[in-house]
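> Quick one: sequence and predicted model below, then my questions.
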Amino acid sequence: MTYVEGFVLAVPTAQKEEYRKHAADAAALVKEFGVRRHVEAWGDEVPAGKLNDFRTAVQAKEGEEIVFSWFEYPDRATRDAANEKMMSDPRMAEMGETMPFDGQRMIVSGFESLVEEGLGGTMGYTDGFLLAVPDGNKDAYRAMADKAAAVFLDHGATRVLECWGDDVYDGKVTDFKRAVHAEAGETPMFSWIEWPSKEARVAGWEKVMTDERMKHDPNDQTFDGKRMIYGGFTPILDA
């Protein structure tokens, strides 16, 4: 099963191209260390929430956009070994000194895939989600997510990943737990849906919302949906 290093950060809108180039340069290096896929997705439809949202998650300032990104590894052992190499490689240190964003507000953690469905392909758009799930509801959430993934794939999505927090860091300024207001006994999730295009995503969601299989049970307390944050993102790098 895929192991994911998930990131959310804020980048000055005016530095979008500089960030894309920075990420492209990094992609060649991280591939050496075992990353089998590196995705950087730029905020396109990132709504404000009543309790929390992507912007509050990284304390985004005016004139900044949200980036939702991830590394994919075959397993945690490969990821751990890669992180050790990255920390000691002078090329990565040099790149860290020229980052076109505030790294102190970036949130990052390791996640194990809980649900992974679809073959993927050329990705033109992605929906990104963060949420917190009570540890005792892990199996119930997996069952619910499996069911939902089938619906999304039926209506045009090409890949669905739901990833369970495994190596979740506590940050000094921001982190995943604070992003979703995680309570004691809850674990953050990092999840996304891949679509071939934004048009396919719009059409797909219309069908998903009317699909009987997605009818919400008001008694379902698998997780607190009010604290889930979500947004639509356009990939600027998929290596």
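The structure has been received and is ready for your questions.

> make it CA atoms for all contacts and neighbour counts henceforth
Will do.

> Output the contacting helices and strands for the worst-scoring helix or strand of the chain on mean pLDDT.
One helix or strand of the chain scores below all others by mean pLDDT, DSSP states H and E: helix 90-96, with a mean of 88. In terms of contacts (3 or more Cα pairs under 8 Å, 6 or more residues apart in numbering; DSSP states H and E), helix 90-96 is packed against helix 16-32.

> mind exporting the helix it packs on as CSV, just the C-alpha atoms?
C-alpha atoms of helix 16-32 as CSV (Å, rounded to 0.1, in the frame of the first residue of the first chain):
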residue,chain,number,x,y,z
LYS,A,16,3.6,30.9,-8.5
GLU,A,17,6.1,30.3,-11.4
GLU,A,18,9.1,30.6,-9.1
TYR,A,19,7.5,28.0,-6.8
ARG,A,20,6.7,25.7,-9.7
LYS,A,21,10.4,25.8,-10.8
HIS,A,22,11.6,25.3,-7.3
ALA,A,23,9.4,22.2,-7.0
ALA,A,24,10.5,20.9,-10.4
ASP,A,25,14.1,21.2,-9.4
ALA,A,26,13.4,19.3,-6.2
ALA,A,27,11.5,16.6,-8.0
ALA,A,28,14.7,15.3,-9.7
LEU,A,29,16.4,15.1,-6.3
VAL,A,30,13.6,13.4,-4.4
LYS,A,31,13.3,10.8,-7.1
GLU,A,32,16.9,9.7,-6.3
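
> Just after it, pick out the following helix or strand.
Using DSSP states H and E, the helix or strand that follows helix 16-32 in sequence is strand 37-45.

> Give me the contacts around the helix or strand just after that next one.
Next in sequence after strand 37-45, counting helices and strands by DSSP H and E, comes helix 54-57. Helix 54-57 is contacted from outside by 8, 10, 46, 48, 66, 174-176, 178-180, 229-231, using Cα atoms under 8 Å, 6 or more residues apart in numbering.
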